[in-house]
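>>> What follows is a predicted structure for the sequence shown.
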Amino acid sequence: MRSVFQWNLGSRALELGKRTLIMGIVNVTPDSFSDGGQFLDRDQAIAHAERLLDEGADILDIGGESTRPGARVDAGAAKPAQAKAAAPAVSAEEELKRILPVIAELKKKHPTAVLSVDTYKATVARAAVGAGAEIVNDVSGFRWDPQMAKTIAELKCGAVLMHMRGRPEEWRTLPPPGDIVLLVKRELKEWAEKAVLAGVRRERIVLDPGFGFGKSFDENYPLLGRFSELQATGFPLLAGTSRKSFIGRTLGSEGKDVPPEGRLFGTLATQTALILKGAHILRTHDVKAAVDTARVADAILQAR
């Protein structure tokens, strides 16, 4: 069964576990793998976010920098051997220029909407929370910016710590991880405990195993099949498999992957499995489909 939590966002809390919450993706980027460039304009991004709210999104996750495979290399970041010292592909100033108008306008038009900011930069997190975001979703698990944990502790907002192996520009050359599920479980637990030691309260933390982030195509399926093992971390779990490339490879044939727009049904299969194995939140591009999927999967859980 799925554990029940109260996710403390500061001024309010979200109940996790009674039903699956849906986090809709709003990419204000030119290069995200699935919808890059579609919502870079502020008004387009806001209209898209409002559509997701109408479709039933519980949370909107707004991001201004892509972390798709190769994004940082494409943007002129350092080569893999220099990755640890590589500058961000998108500056904090540019990221804020993209997302702050969207956050501010959404909060003005929809004051009760729960907004998340997808960033690994502490300065961006602070400004976004000041503009109305209540959650910081950090793909690096607080590891890329040494100020992030302290910043989140001061902001008293909700936080998602995601697991990622290496940097995007290193993914194609990473050595095999051994047991990927044990690795993800151990490292997420370690990173969460470090955040707690830095002052982030436990009830503010949600963990995400990071499907596709530094995992080879075949390594994602053990994470799916054994997702329930991650409940042992003691934290609520978020999962994002929406339109991921490992789904496209599975659905493809003759060496050709199915493109992102053709991965909906495969995505729904993964989301059903995730809910039945304990996911509290699904992060997705296709909100209406995920809402319907979650209703049925939640009914199955309750029938147990």
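Received, thanks. As the structure is a prediction and not an experimental result, all values here were calculated from the model.

>>> Let me know the outermost residue of the chain.
Distance from the centre of the chain peaks at Glu254, with 31.0 Å (C-alpha atoms, centre = their mean).

>>> Could you check stretch 15-30 and say which residues are buried?
16-17, 19-29 (16 or more other C-beta atoms under 10 Å). C-beta: built from backbone N, CA, C; applies to glycine.

>>> ditto for stretch 208-222
Neighbour-count burial for stretch 208-222, with 16+ other C-beta under 10 Å as criterion, is recorded at 208-215, 219-222.

>>> Where do the helices of the protein begin and end?
Taking DSSP state H as the test, the helices found in the chain are 42-54, 71-74, 92-109, 122-131, 148-155, 180-197, 220-225, 245-251, 264-276, 287-303.

>>> and the residue farthest from the centre of the chain, backbone torsions?
Main-chain dihedrals, Glu254, degrees, to the nearest 10: phi 50, psi 40.

>>> And it, how far from Phe265?
Plainly put, Glu254 is 19 Å away from Phe265 if you go by C-beta to C-beta, to the nearest Å.

>>> How about Thr173?
Separation of Thr173 from Phe265 (C-beta to C-beta): 32 Å.

>>> ok, now Leu182?
Per C-beta to C-beta, Leu182 is found 30 Å from Phe265.

>>> contacting residues around Ala128?
62, 96, 99-100, 103, 117, 119, 136 (C-beta atoms under 8 Å, 6 or more residues apart in numbering).

>>> ok, those vs Ala294, which is closest?
The closest of the contacts of Ala128 to Ala294 turns out to be Ile62 (C-beta to C-beta; 21.2 Å).

>>> what about that closest one, how many residues close to it?
Here the number of neighbours of Ile62 (other C-beta atoms under 10 Å) works out to 26.

>>> Disregarding flanking residues, what is the spatial nearest neighbour of it?
Spatially, and ignoring its direct neighbours in sequence, Ile62 is nearest to Val26 (4.6 Å; C-beta to C-beta, 6 or more residues apart in numbering).

>>> Same question for Leu155.
Val129 (4.9 Å).

>>> count of residues packed around that neighbour?
Under the neighbour criterion other C-beta under 10 Å, Val129 is assigned a count of 23.

>>> Over to Pro111?
Pro111, neighbours per other C-beta under 10 Å, totals 8.

>>> gap between it and Gln6?
Counting by C-beta to C-beta, the gap from Pro111 to Gln6 is 22 Å.

>>> quick one: stretch 259-276 to chain centroid distance?
15 Å (C-alpha atoms, centre = their mean, to the nearest Å).

>>> Mind exporting the C-alpha coordinates of that stretch to CSV?
The C-alpha coordinates for stretch 259-276 follow below in CSV (Å, rounded to 0.1, in the frame of the first residue of the first chain):
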residue,chain,number,x,y,z
PRO,A,259,9.0,10.1,-31.4
PRO,A,260,7.7,11.9,-28.2
GLU,A,261,4.3,12.7,-29.7
GLY,A,262,3.7,9.0,-30.2
ARG,A,263,4.5,7.8,-26.7
LEU,A,264,1.3,8.6,-24.9
PHE,A,265,-0.1,5.1,-24.5
GLY,A,266,3.3,3.8,-23.4
THR,A,267,3.5,6.6,-20.9
LEU,A,268,0.1,5.7,-19.5
ALA,A,269,1.3,2.1,-19.0
THR,A,270,4.2,3.2,-17.0
GLN,A,271,2.1,5.6,-14.9
THR,A,272,-0.4,2.9,-14.0
ALA,A,273,2.5,0.7,-12.8
LEU,A,274,4.0,3.5,-10.8
ILE,A,275,0.8,4.3,-9.0
LEU,A,276,0.2,0.7,-8.1
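
>>> Pull out the buried positions in it.
For stretch 259-276, the neighbour count (16+ other C-beta under 10 Å) marks 260, 263-264, 266-276 as buried.

>>> Could I get the average pLDDT for it?
Mean per-residue pLDDT for stretch 259-276: 97.

>>> what does it contact?
So stretch 259-276 is in contact with 20, 33-35, 224-225, 227, 239, 241-244, 247-248, 250-251, 258, 279, 282, 284, 286, 289-290, 293-294, 296-298, 300-301, going by C-beta under 8 Å, 6+ apart.

>>> Ok, stretch 3-20 next?
Contact with stretch 3-20 is made by 2, 21, 58-59, 114, 134-135, 155-158, 201, 203-204, 206, 231, 235-236, 275, 278-282, 294, 297-298, as judged by C-beta under 8 Å, 6+ apart.

>>> in the stretch 1-150 of the chain, what spans have low per-residue confidence?
Along the stretch 1-150 of the chain, the parts satisfying pLDDT under 70 run over 31-40, 68-88.
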